[in-house]
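Trainee: For reference, the sequence and a predicted model appear below.
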Amino acid sequence: MLGADLAEQREHVTITARAGRIVLACLAVVATGIAAYAEMYSQFQYYDDEGDIMTSVKSILDGRPLYDETYAHYGPFYYLLARFAYTLTGVPVSHDVTRLATIALWLATAAVAAVLIYKLTASFAWALAAYLQTIVHCRSVCNEPGHPQAILILLSMSVPMIAALLGPTGRGAAVLGVAAACMLLTKINVGVYAIGALLIAFLGLTGSGTLVQSSLLAASTVAAALPFVLMRGADWALNYARIAAMAAAACCLTMARADVRNRLNASPLRIFIVSVTVTAVVVLSLVLLSGTSVEGLVASVIVRPIRFPTVFSVPWRLPEYGVLMGEVSVGAAVIAAVLGPAQRAWLGVVLKIAFAMLMAGLMITRGPTGMVAAAPLLWVTLLPPRRDLWRADDLFPRAVLCLSATAQLLIGYPVAGSQQYWATLLLIPAAIINLADASTILTSRLRLPVRRVAEAVALALIVWFYYPRFGMAQLDASLRKYHALTPLGLPGATRLRLEEPHVRVYRDIADTIERNCDTFISMPGFNSLYFWTRQDPPTGLNTGPWMTLFDGRLQQQVIDRLAGHKSACVIYNRLVSEEWVQGRDIEGGPLVQYIRTSFRTVRTIGDFEFMIRTQRQWPDPP
């Protein structure tokens, strides 16, 4: 049995080996922490999602109700958590604090991946590989520090870890329900994917009654059809939908045909559903009690996300070979479903090695776009590494990982920016588990000392592979590069260092605003300026592409507030505005018209135009 083998391996780990592993783990955390710090504080993205999120958090802390007076793209759980954290610690909302918190979430996600892999493989080498590769893969969090995706990435990785640690028990189901509800109430589509994956995992392991089988079939059908429903009308997404649908179909088929020795009763499934419901009710009640209206909550959590693909999208064009891979994979899954245990076990060895090697190659050479092409092979994770029947405790975490990974592929729609890395994150532990399965099978007839030598060799190879990225020379180079940059030196961003031309532009804009404006807005939203100038925005309605996201009523609210400020200013960036708008006609918007007719450009600073009221003199008389 797999569980017995893992217990045997753990029992033979010597005290010396444990000490060595602890030292190596500590070195890995320190090295990756230094690398993450240098990376996080040496860049700033022009679209400023960071300032967008920070402004909404500060608005809530200043007493403006969420959604009604504070514009936000995301669900209430993130904002309740942010309010709790800032209230508890007493630190101000700033770029320095936001980025430090994001580093902590980044490292925590990698640590969770390592715990998951160690629990399922009993291998320190594979756990270290999971930690280091997750660090590498999640570096995209540096693009949007403070973004809710950092918490969602941690929760996404935590779901299979919880399944591995607690199993399909009542307690495990309850904790998974809490995590899934928090995801749902942070980003609704991500939560729906997570809940759907967990429902199929529970149904697949529950007793074979007619109702259960019918529910499993229905849920599997929805999972396979969802990509096409979600991406309908987006011509660029056809290959994307095909690959995601075939990955889901192969996983659901394998789950339905899994040979399980001890199936569950319906109790864990019921506990999971109740846990999701209760957690959602508690979170929603808290946000409603804080002043948010039901109308504002529904509009922001449900209506706006549904219409977002019509407002802004970034295509993710996936290769044709991914579709071919999906077709081959589905065919192999059908064949595996009808084979006997012995034949399926040998087919599993071949496919597990193929999946892991293909994933590693595509991850190194093509990044997330290549990794998606191998995703239809995720189902091989559900093949047992022995001819024995699965125990529910062993299959459950793999099912949760596999189904969550297939569902999470959809996160790249409609905006495939940093979301590409998030959408493919769970493919990493899946590939490592399959590689560990294959190595376990191939070395199962060897004596324990030989297997321990093989583990040491694997660990040495992993250290050798990642040393160029996290070794002393690279860390020294990263820190020297960071210190060679120019400190931004603006309020709340003292640790941030950038190229000197960018620093000069941002300092000039901030200084010009401070000397000449009693309030300001930007088009598109460049909300970090509110922190760098220590000025409050005129309203809590602040976001990047407000030109397309704000209806006439919201734009008029900003106009009404600006009307009371004779020294109000506008910061306009035409290039970034055009990138956000994507060719849509925004000239009919009241606030856009107000800026065009009531303000004039008096200075150009880099790509930014500094605008004051048309009747105001420039420069102001002494």
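Mentor: Sure thing, it's come through. Predicted model, so just to flag it, every value in this text is computed and none were measured.

Trainee: Now stretch 580-596 - C-alpha only, PDB.
Mentor: The C-alpha atoms that make up stretch 580-596 are tabulated as PDB, following Å, rounded to 0.1, in the frame of the first residue of the first chain:
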ATOM      1  CA  TRP A 580      -7.400  50.400 -21.100                       C
ATOM      2  CA  VAL A 581     -10.200  51.500 -23.400                       C
ATOM      3  CA  GLN A 582      -9.300  49.100 -26.200                       C
ATOM      4  CA  GLY A 583     -11.000  51.200 -28.900                       C
ATOM      5  CA  ARG A 584     -14.300  51.700 -27.100                       C
ATOM      6  CA  ASP A 585     -16.100  55.000 -27.400                       C
ATOM      7  CA  ILE A 586     -15.800  56.700 -23.900                       C
ATOM      8  CA  GLU A 587     -16.500  60.300 -25.000                       C
ATOM      9  CA  GLY A 588     -20.200  60.100 -23.900                       C
ATOM     10  CA  GLY A 589     -19.200  59.600 -20.300                       C
ATOM     11  CA  PRO A 590     -20.000  62.700 -18.200                       C
ATOM     12  CA  LEU A 591     -16.700  62.700 -16.300                       C
ATOM     13  CA  VAL A 592     -14.800  62.300 -19.600                       C
ATOM     14  CA  GLN A 593     -16.700  65.200 -21.100                       C
ATOM     15  CA  TYR A 594     -16.100  67.200 -17.900                       C
ATOM     16  CA  ILE A 595     -12.300  66.700 -18.100                       C
ATOM     17  CA  ARG A 596     -12.300  67.600 -21.900                       C
END
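
Trainee: Now do the closest residue to Leu66 other than its chain neighbours against Asp560, distance only.
Mentor: The shortest distance from Leu66 to any residue other than its chain neighbours is 4.8 Å, reached at Thr292 (CB to CB, 6 or more residues apart in numbering). Just so you know, the C-beta spots here come from the backbone N, C-alpha and C atoms, and that holds for glycine as well. In this structure, Thr292 and Asp560 are 21 Å apart, going by CB to CB, to the nearest Å.

Trainee: Looking only at neighbour counts, state which of the two leads.
Mentor: The neighbour comparison of Thr292 against Asp560 (other CB atoms under 10 Å) goes to Thr292, with 23 against 11.

Trainee: In this structure that one contacts Tyr67, no?
Mentor: Yes: counting by CB atoms under 8 Å, Thr292 touches Tyr67, with 5.3 Å between them.

Trainee: hey, where'd the helices end up in the stretch 51-200 of the chain?
Mentor: In chain order, the stretch 51-200 of the chain shows helices spanning 76-89, 95-121, 124-137, 149-166, 170-184, 188-205, with DSSP state H, counting those that start in this stretch as the criterion.

Trainee: low pLDDT regions in this protein?
Mentor: When residues are selected by pLDDT under 70, those of the chain lie in 1-13, 387-388, 444-451, 621-622.

Trainee: on that earlier part again, just to be sure, the residue nearest to Leu66 is in a strand?
Mentor: No: inclusion of Thr292 in a strand is not indicated when DSSP: H, G, I helix; E, B strand; the rest coil is applied; the result is coil.
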